[in-house]
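K.L.:
My questions are about this predicted structure, shown below with the sequence.
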Amino acid sequence: MGGFIVCKFGGSSVANAEQVEKVRTIVAEDEKRRCIVVSAPGKDRKDSEKVTDHLFNIATDGQHFRARGKAISARESYGQVLDKFRSLIAGLAIDGDDIIEGLQTDLASPITDRKRIDFFASRGEHYSAKVITRYFQSRGMNAELMLPEDIGFFVSDRFGNAKVLPASHTNLRESLKDGRISIIPGYYGMTLKGDIAVLSRGGSDLTGGEVAFAMDAARYENWTDTDGVFQVDPRIIPEASVIPVLTYKEIRLLSSKGFNVFHFDAMVSCKNKGIPINVRNTDNPAAPGTLIVESREPRETAIGIARMDGIAYVYIEKDMIGETIGFTKDLLDIFQDFGINTHHYPSDKDDIAVIVDQVDLRDKADDLKSTIVRGLSPDFLDIRYDLSLISPVGIGMKDTPGVLARASGALYEEHINIEIVDQGPSQMSFHFGIREKHADAGLKALFRALL
Ligand code: ASP
C-alpha cells in the first residue's frame, strides 16, 4: 500500500453543485487521490446554518437551535435538509430519487435518546457521500462508496464524542479496491454493537487522519475554504500571509489556541506515521497551501500568533505556597472534580493563577470558590474575567535571545498591560494574558514586532 493521497473535503467544499464539481476536478487531476473523505454540506450563500446543525435540531425537536437563541423549528430544519440534498442532486444532474427516499426514511426513524441524535447527525455525511459517489460515477470515474457501517469503521460507544477503534484500520485497508476511488463519509462510525456514533464536531478531519494512517498514505490533503494556515487571523490582520511549512508541534500549539483551520486531534495519527498534512483551498487549488511535517529548518523566530478570547483566571494568594508540598496538586484536583480544563498555572512564592476558559466557569464559579476556600484556606481568592491569551509560536524562538523582550516592548508601546505571562518549557511558545478589549491592538503590535 502507500504512495497515494487521502483527501478530506470540508463542508464548504461540498456545499453546492458548483463546489462538488471543483472537488471532482481536484480528484481527477491526480490519480494518487484515491481515498476521499467528505463532510456534510456546509453553508453556502443562501444558508444560515449547516446541514449537521439542522440534523441535530431535527433529532432534538428544535432544542438544538433553541438553546442557541435561534428560532428555527425542527420542521423548518427538516425542510432545509431535504431542500439542500434536492438542490445538490438537481444541480449535479444525477438521478437521486432513491437518495431522497433513503434520507426521508432515516429522518423518520423511531430510534430514541442519545443514539437518535448521533444517527441523525451522521446522515449529513452519509448522504453527502452518496450524492458525490453517484456524481463521480456519472462523470465516468471509477468511484465506489465506502460506508463506515459496511466496512466496519468501528468507534467507541461514547455517543457525541466517539473514538476510532484500531480494528477500523485493518478493515479500511482490506476494503480498498485496486484502481478505484473510494468515497468515505467522515464524522461517524459504527459501535461494536452496531449503532451509529459520531465523533466530536468537525470530526471529518479525524476520519481523514485515521484513513491516512490506515492506508500509510503519502499525504493527507485537507481541503477547506482558506489558502492554508495563516500567521494570524486574517480577519483582524488582512496583511497576514499563509505559512508554507509548519511542524506538527507548531500546528498543535497554534490550533489549540484558537486557530480553527484543522481539528488538531486529527494530526495525532498522521504524526505517528510521519504522514505530511497539506491544508489546501478548494476555491484556489493552484495555491500550495500549508504543509505540516515532522521537522523543518526555521528561517524565522515566530511563525504564527494564536489568540484565545474569553479567558478567566482564578487567582489565589497564600503565604508559603512555594514551600507547601502538594498545594498545586490539591488545587488542580479541585478543578478536575469540577470537570474544568486548565490551560496554564503561572505561580510565585505566595500566589498562583489558574487559567481557564470562562465558559467552563459558568454556573460553577461560586461552588468552585467555596470548595477552594474550604479545602485550601487561601488568604485571598478572586476570579478575573475577560482576558485574551495571545500566544506567539515557532520552533525558531527556542534559544533565540530577545523574542520576549521584543514582544513585551511592542505591547508597552501600545500602553497595554500584561496581566499574565507564561512561557512553554519547549520555548516554542509563550502566552500573554491581556484585557480582551486590547486584544486586537495587542495582536497587531505583536504581528509587527515578530512576524
Ligand atoms: N459535519 C460535521 C460537523 O459539522 C463534521 C464535519 O464537518 O467535519 O461538525
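P.N.:
It's in. Numbering: from 1, shown residues only.
K.L.:
Just the pLDDT for the residue nearest the centre of the chain.
P.N.:
The chain has residue 263 as the residue nearest its centroid, 2.7 Å off, counting by C-alpha atoms, centre = their mean. On pLDDT, residue 263 comes in at 76.
K.L.:
again with residue 258
P.N.:
As predicted, residue 258 sits at a pLDDT of 55.
K.L.:
Quick check: the residue of the stretch 151-300 of the chain found nearest the ligand vs residue 438, distance?
P.N.:
For the stretch 151-300 of the chain and the ligand, the shortest gap (C-beta to the nearest ligand atom) falls at residue 204, measuring 3.2 Å. All C-beta atoms are positioned from the backbone trio N, CA, C, and that covers glycine. In this view, residue 204 and residue 438 are 36 Å apart by C-beta to C-beta, to the nearest Å.
K.L.:
got it, and residue 91?
P.N.:
Taking C-beta to C-beta, one finds residue 91 at 46 Å from residue 438.
K.L.:
In space, what's closest to the residue nearest to the centre of the chain - neighbours in sequence excluded?
P.N.:
Excluding its sequence neighbours, the residue lying closest to residue 263 (C-beta to C-beta, 6 or more residues apart in numbering) is residue 205, at 3.7 Å.
K.L.:
Surely the one you found touches residue 262?
P.N.:
Yes: the criterion here is C-beta atoms under 8 Å, and residue 205 meets it with residue 262 at 6.0 Å.
K.L.:
Could you pull out the residues contacting both of these two?
P.N.:
residue 222 (C-beta atoms under 8 Å, 6 or more residues apart in numbering).
K.L.:
How many neighbouring residues does residue 278 have?
P.N.:
Residues lying near residue 278 (other C-beta atoms under 10 Å) number 18.
K.L.:
Now do the same contact list for it.
P.N.:
219, 220, 221, 222, 288, 289, 290, 291, 292.
K.L.:
Could you list which of these belong to strands?
P.N.:
219, 220, 221, 222, 290, 291, 292 (DSSP state E).
K.L.:
Might one say that residue 368 is in contact with residue 336?
P.N.:
No: contact between residue 368 and residue 336 fails when scored by C-beta under 8 Å: they sit 11.6 Å apart.
K.L.:
From the rest of the structure, what touches stretch 412-430?
P.N.:
249-250, 253, 313, 344, 346, 353, 355, 384, 387, 389, 391-395, 397-399, 403-404, 407-408, 411, 431-435, 438, 441-442, 445.
K.L.:
So which of those residues are in strands?
P.N.:
Short answer: these in strands (DSSP E) are 313, 344, 353, 355, 384, 387, 389, 391-393, 431-435.
K.L.:
From those, list just the buried residues.
P.N.:
313, 344, 353, 355, 384, 387, 389, 391-393, 431-434 (16 or more other C-beta atoms under 10 Å).
K.L.:
State the pair within those that is farthest apart.
P.N.:
384 and 393 (24.5 Å; C-beta to C-beta).
K.L.:
Give me the buried positions along the helix or strand hosting residue 124.
P.N.:
Per DSSP states H and E: residue 124 is located in helix 113-138. Neighbour-count burial for helix 113-138, counted by 16+ other C-beta under 10 Å, picks out 115-137.
K.L.:
What's the first helix or strand after that helix?
P.N.:
strand 143-145.
K.L.:
What's the local residue count around the residue of the stretch 351-451 of the chain found nearest the ligand?
P.N.:
Among the residues of the stretch 351-451 of the chain, residue 359 lies closest to the ligand, at 18.4 Å counting by C-beta to the nearest ligand atom. Residue 359 is flanked by 8 other residues according to other C-beta under 10 Å.
K.L.:
can you tell me which residues contact it?
P.N.:
Per C-beta under 8 Å, 6+ apart, neighbours of residue 359: residue 310.
K.L.:
ok, now residue 178?
P.N.:
By C-beta under 8 Å, 6+ apart, residue 178 has no neighbours at all.
K.L.:
For it, report the pLDDT, please.
P.N.:
77.
K.L.:
and if you look at residue 1?
P.N.:
Note on residue 1: pLDDT of 50.
K.L.:
now swap in residue 35 and tell me
P.N.:
96.
K.L.:
which element is it on?
P.N.:
Per DSSP H and E: residue 35 is located in strand 33-38.
K.L.:
again, but for residue 160
P.N.:
Using DSSP H and E, residue 160 sits within no helix or strand.
K.L.:
before we move on, what about residue 25?
P.N.:
Using DSSP H and E, residue 25 maps to helix 17-29.
K.L.:
and that helix, average pLDDT?
P.N.:
Rounded mean pLDDT across helix 17-29 is 98.
K.L.:
between that helix and helix 113-138, how many degrees?
P.N.:
Here the directions of helix 17-29 and helix 113-138 differ by 70 degrees (axes from the mean of the first three to the mean of the last three C-alpha atoms, to 10 degrees).
K.L.:
The residue of the stretch 351-451 of the chain closest to the ligand in helix, strand or coil?
P.N.:
Applying DSSP: H, G, I helix; E, B strand; the rest coil to residue 359 yields a three-state assignment of helix.
K.L.:
In CSV, list the C-alpha atoms belonging to stretch 283-301.
P.N.:
Presented in CSV, the C-alpha positions along stretch 283-301 are these (Å, rounded to 0.1, in the frame of the first residue of the first chain):
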residue,chain,number,x,y,z
ASP,A,283,-11.6,27.5,-4.2
ASN,A,284,-8.0,28.1,-5.1
PRO,A,285,-6.4,24.7,-5.9
ALA,A,286,-3.4,26.4,-7.5
ALA,A,287,-2.2,27.7,-4.1
PRO,A,288,0.2,25.2,-2.5
GLY,A,289,-1.4,25.7,1.0
THR,A,290,0.3,24.8,4.2
LEU,A,291,2.3,21.7,4.6
ILE,A,292,2.5,20.1,8.1
VAL,A,293,5.5,17.9,8.7
GLU,A,294,7.7,16.4,11.4
SER,A,295,10.6,18.8,11.2
ARG,A,296,11.8,21.9,9.3
GLU,A,297,14.7,24.3,9.4
PRO,A,298,13.4,27.6,10.8
ARG,A,299,14.4,30.7,9.0
GLU,A,300,12.3,32.9,11.3
THR,A,301,11.7,33.2,15.0
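K.L.:
Report the buried residues of that stretch.
P.N.:
Using 16+ other C-beta under 10 Å as the test for burial, stretch 283-301 gives 289, 290, 291, 292, 293, 296, 298, 301.
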